[in-house]
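>>> give the three-dimensional model of this entry:
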Amino acid sequence: MKKALIVGATGFGGLGLIEILLRHPGIRIKQLVARKDAGVPVSRVFPHLKGYCDMLVDPPESIDYNDIDIAFFSTPDRAGMTLIKEFHRRGIPVIDFSGDFRFGSESDYAVYAANKGMETAHLAADALPEAVYGLPEINAEKIAGARIVGNPGCFAVSMILGLLPAVEKGVIEGASIVCDGKTGVSGAGKNPGEANFYPQRYENVNTYREGRHQHIVEVENVLNARSDRQHRILFVPQIVPLNRGILTTIYADCAPGLATADIQAMYREYYKGKPFVYITDSSPNTTDVRGSNRCEVRAMVDERTGKLFITSVIDNLLKGQSGNAVQNANLMFGFEETAGLSALPFYP
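All right, here's what the predicted structure looks like:
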């Protein structure tokens with residue numbers, strides 16, 4: 001049985017890890033760490049855990065590095081890069097939920113950080129060359145041997161999985177791709193700020209960081225590394241009055257002579273053997289994936305305009321965060337990729 005440390009255990013990402021690992025056949029939780037809520041049982045923070053997980057939450061100063069097989073950093077940007085040195089020295093593999101280790105170069109990290117309005121200097125730049133981008137559908141072999149994994153951004157997962165087959169097979173004409181992403185309020189985390197205060201969010205939809213969202217750089221990096229053409233993403237994120245879920249609609253010019261049936265066949269072949277990507281011929285809803293590690297994708301050609309139209313949906317807290325992280329851990333430990341992740345979507 002492998003033993004896991006969760007740093008940032010009382011945020012939504014940490015909670016997702018706890019819920020998954022409680023049912024995981026090969027990983028158990030050894031320690032929960034968080035600066036906020038330290039000294040109380042985690043079931044006091046999340047009462048639905050009572051009787052299932054009543055472990056005390058320890059402060060970061062009390063991290064026990066002994067007998068840990070993996071550490072999950074469910075922490076904000078720049079926390080992981082300050083924590084990584086001791087874990088790296090001791091050979092403890094780390095999966096980081098922030099953008100700290102999603103990039104192989106300081107320059108790419110600087111673009112990401114600037115788009116978030118953060119300090120652009122990376123504090124653990126020497127670790128970046130060995131960090132692996134943690135999207136199992138494209139990097140399974142690298143993840144299996146990794147010591148540092150940068151879990152992808154939630155919007156990025158939805159966009160990349162929606163676009164990969166079309167980009168790799170060269171069916172997108174031109175350089176520009178438009179992505180419209182709608183996300184639930186939980187994407188802002190447990191302390192979402194004034195903009196997501198209930199009276200300002202209820203029955204309200206708005207765009208934000210139009211064309212400069214921090215996930216653009218990782219999406220373009222992944223897609224352009226797998227394409228003969230350099231694509232540029234116009235990404236317009238929107239926040240909607242929804243607890244959880246991401247629905248991304250994608251628009252691009254399609255190569256002539258292709259019909260919806262051709263595109264769907266290509267997508268099904270591309271994702272054959274990928275246990276969490278489902279190709280559908282009907283419009284996917286966020287409720288189709290809620291509470292699961294699934295990504296549902298519909299790709300079609302609009303006959304009137306010839307445009308390629310793709311819809312991709314995920315649960316931002318699972319395939320977009322903790323579920324994907326456990327999928328990575330399964331690969332790192334040689335477990336079945338689906339271990340602990342077989343839960344059905346919950347409905348309604």
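>>> now the strands for the chain?
For the chain, strands defined by DSSP state E occupy the ranges 2-7, 27-33, 57-58, 70-73, 94-96, 131-133, 148-150, 172-183, 206-207, 232-239, 246-254, 277-279, 295-301, 307-314.
>>> ranking these by mean pLDDT, which is last?
Mean pLDDT is lowest for strand 206-207 among those, at a mean of 91.
>>> show residues contacting it.
Val236, Pro237, Gln238, Ile239 (Cβ atoms under 8 Å, 6 or more residues apart in numbering). (Glycine included, C-beta is placed from N, CA and C.)
>>> adjacent strands (with direction) for it?
When sheet partners are counted by DSSP bridges, strand 206-207 sits next to strand 232-239 (antiparallel).
>>> quick check: buried residues in the strand it pairs with?
For strand 232-239, burial by neighbour count (16 or more other Cβ atoms under 10 Å) applies to Ile233, Phe235, Pro237, Ile239.
>>> nearest residue to the third one other than its sequence neighbours?
In this case it means Pro237. Gly181 (4.8 Å; Cβ to Cβ, 6 or more residues apart in numbering).
>>> distance of that neighbour from Ile233?
To Ile233, Gly181 is 11 Å away according to Cβ to Cβ, to the nearest Å.
>>> mind listing the shared neighbours of the two?
Counting by Cβ under 8 Å, 6+ apart, the residues touching both Gly181 and Ile233 are Met159.
>>> wait, which of the strands of the chain is closest to Thr338?
Closest to Thr338 of those, according to Cβ to Cβ: strand 277-279, at 12.4 Å.
>>> tabulate the buried residues of strand 232-239 (a markdown table), appending distance to Asn324.
Below are those laid out as a markdown table (distance: Cβ to Cβ, whole Å):
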| residue | distance to Asn324 |
| --- | --- |
| Ile233 | 20 |
| Phe235 | 19 |
| Pro237 | 19 |
| Ile239 | 21 |
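>>> closest to Val40 among those residues?
Ile239 (30.7 Å).
>>> ok, that closest one - contacts?
Lys182, Thr183, Gly184, Val185, Gly187, Ala188, Ala195, Asn196, Arg201, Val205, Asn206, Tyr208.
>>> if we can go back for a sec, which members of the contacts of strand 206-207 are the farthest-apart pair?
Going by Cβ to Cβ, the pair spanning those furthest: Val236 and Ile239, at 11.4 Å.
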